[in-house]
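Q: quick one, fold the following:
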Amino acid sequence: MGKIKVAIVGVGNCASSLVQGIGYYKGLGAGHPEAGLGLMNRKVGPYAPGDIEVVAAFDIDKRKVGKPLSEAIFSAPNCTKRIKGLAFDKNKNKKENKNEKGPTVEMGHVLDGISPHMADYPEEKRFIPARRKPVDIAKVLEKTGARILVNYLPVGSEQAVRFYAEEALKANAGFINCMPVFIASSEDWAGRFEEKRLPIIGDDIKSQIGATIIHRTLAKLFEDRGVKLDKTYQLNVGGNTDFLNMLNGSRLKSKKISKTQAVQSQMSSPLKSEDIHIGPSDYVPWLYDNKVCFIRMEARIFGNIPIDLELRLSVEDSPNSAGVVIDAIRCMQLALDRNVGGILSAPSAYFMKHPPMQFPDAVAKTMVQDFITGK
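A: Numbers count the residues shown, from 1 in each chain. Model (predicted):
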């Protein structure tokens, strides 16, 4: 099979981890003892991680626009950990070839992608728009042959996400919506992609082992074991630009809906709104890309006796996301190979917090495996 040609909008920490990860697993090779370490699926159909090629990238920050992708992913305000053993590390004292450097990052469209409150923070922590004319996104996608557009825009970028979804339609590209703006879960948008026989996966990426997957798993476990959940919260703190962006509460509406519904969907009787609180809590600069999550669940077991559970999770946020996106990309390529358009229900249910239809994770996993094998 050929390469999976992908474009990325938003060259932030999540994009950095994804691009690094593609290079890392490609460098290991299929026969390496750790070739499958950290992957949900080493191969998805015929595709390995190294079959993904990022052919276009868009951003608005002056420290990234105009740079090769291999440099831009390490430019401020990015702060995620650097994966060791990358091709562009090994060859840093040699002449790098074009494929190792990656495409030049193009100037995207700002729209509502930057929250005004970020101007109050130091430059090394926030976005600084480049003074360049935005490129024609659809034309770049067509010129580079990108068949998949991965959306990594900041939370709250409602106008910008819809703009890029429109550009994907124009360029006949599939759309993976990693952010909580409801595109795949909108009947209108889903219908438009189906009409053009273009696949879409969304909305809002569910990390490999993140706060949402753990919280919903526990909620399902409580119910399956006959435990009555009465109250719960999930509080998250971090130090990357995602958490800085989310200090603006007006940008959080869809994020809170997405995360809350992901947990509520696992219960036959959802909690009252006043009994469940899920969402970002604060920005702690020195945490950088580390995300710390606190979960509390108050419930009753046999004989109406109370039980409390408290959990703390600490995880590097962006690799946690990339571990799922790398499978979403390969599933979408299978759909393109099969000429399947519209919502990819199984990948959306397993990979996303706010899919068009929720399923228990064990069921969604089986659905994805069936999708991969073509059942």
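
Q: number of residues surrounding the closest residue to P134 other than its chain neighbours?
A: Using C-beta to C-beta, 6 or more residues apart in numbering and skipping residues adjacent in sequence, the residue nearest P134 is H109, 4.6 Å away. Every C-beta, even on glycine, is put in place using the N, C-alpha and C of the backbone. Neighbourhood size, H109 [other C-beta atoms under 10 Å]: 16.

Q: does H109 touch I137 like I think?
A: Yes: with contacts counted by C-beta atoms under 8 Å, H109 reaches I137, the gap being 7.3 Å.

Q: got the phi/psi numbers for the residue nearest to P134?
A: Main-chain dihedrals, H109, degrees, to the nearest 10: phi -100, psi 130.

Q: quick one, what contacts it?
A: Taking C-beta atoms under 8 Å, 6 or more residues apart in numbering, we find H109 in contact with 60, 134, 137, 160, 163.

Q: now do A35
A: Counted by C-beta under 8 Å, 6+ apart, A35 has contacts 25, 28-29, 42.

Q: state the pLDDT value of it.
A: According to the prediction, A35 has pLDDT 92.

Q: and A30, by the same measure?
A: pLDDT, A30: 85.

Q: ok, it - how many residues close by?
A: Count around A30 with other C-beta under 10 Å applied: 11.

Q: excluding covalently adjacent residues, which one is nearest to it?
A: Closest residue to A30 apart from its sequence neighbours, by C-beta to C-beta, 6+ apart: A48 at 6.7 Å.

Q: buried stuff in the longest helix seen in the chain?
A: Taking DSSP state H as the criterion, the chain has its longest helix at helix 317-337. Using 16 or more other C-beta atoms under 10 Å as the test for burial, helix 317-337 gives 317-336.

Q: cool, stretch 345-358 as well?
A: Those would be 345-356, 358, for stretch 345-358 by 16+ other C-beta under 10 Å.

Q: likewise stretch 103-112?
A: 103, 105-109, 111-112.

Q: over to stretch 120-139?
A: Buried residues in stretch 120-139 (16+ other C-beta under 10 Å): 121, 125-128, 130, 137-138.

Q: and K231, how close does it get to A165?
A: Applying C-beta to C-beta, to the nearest Å, the value for K231 to A165 is 37 Å.

Q: who's more crowded, the two?
A: A165 (22 against 15).

Q: now that one, what's its secondary structure?
A: For A165, the assignment made with DSSP: H, G, I helix; E, B strand; the rest coil gives helix.

Q: so what pLDDT did it get?
A: 98.

Q: how about the helices in the protein?
A: 13-28, 69-72, 87-90, 98-101, 137-144, 158-170, 187-195, 211-224, 241-245, 253-264, 317-337, 345-351, 361-373.

Q: how about these, which one is nearest L287?
A: L287 sits nearest to helix 241-245 of all the helices of the chain, at 8.0 Å, using C-beta to C-beta.

Q: contact partners of the closest one?
A: 12-13, 77-78, 115, 118, 121, 125-127, 154-156, 236-237, 251, 280, 282-284, 291, 317.

Q: now stretch 112-125
A: 10, 60, 76-77, 126-127, 129, 153-154, 156-160, 241, 244-245, 247-248, 251, 285.

Q: excluding its backbone neighbours, what's nearest E71?
A: K101 (7.6 Å).

Q: for the one you found, grab the count of nearby residues.
A: As a burial measure, K101 scores 16 neighbours (other C-beta under 10 Å).

Q: what do you get for H277?
A: 16.

Q: of the contacts of H109, which is the nearest to I214?
A: Within the contacts of H109, the smallest distance to I214 is 29.8 Å, found for A160 (C-beta to C-beta).

Q: roughly how far does the residue lying closest to P49 once chain neighbours are set aside sit from S185?
A: Nearest non-adjacent residue to P49, counting by C-beta to C-beta, 6+ apart: Y25, 3.8 Å away. Y25 sits 30 Å away from S185, going by C-beta to C-beta.
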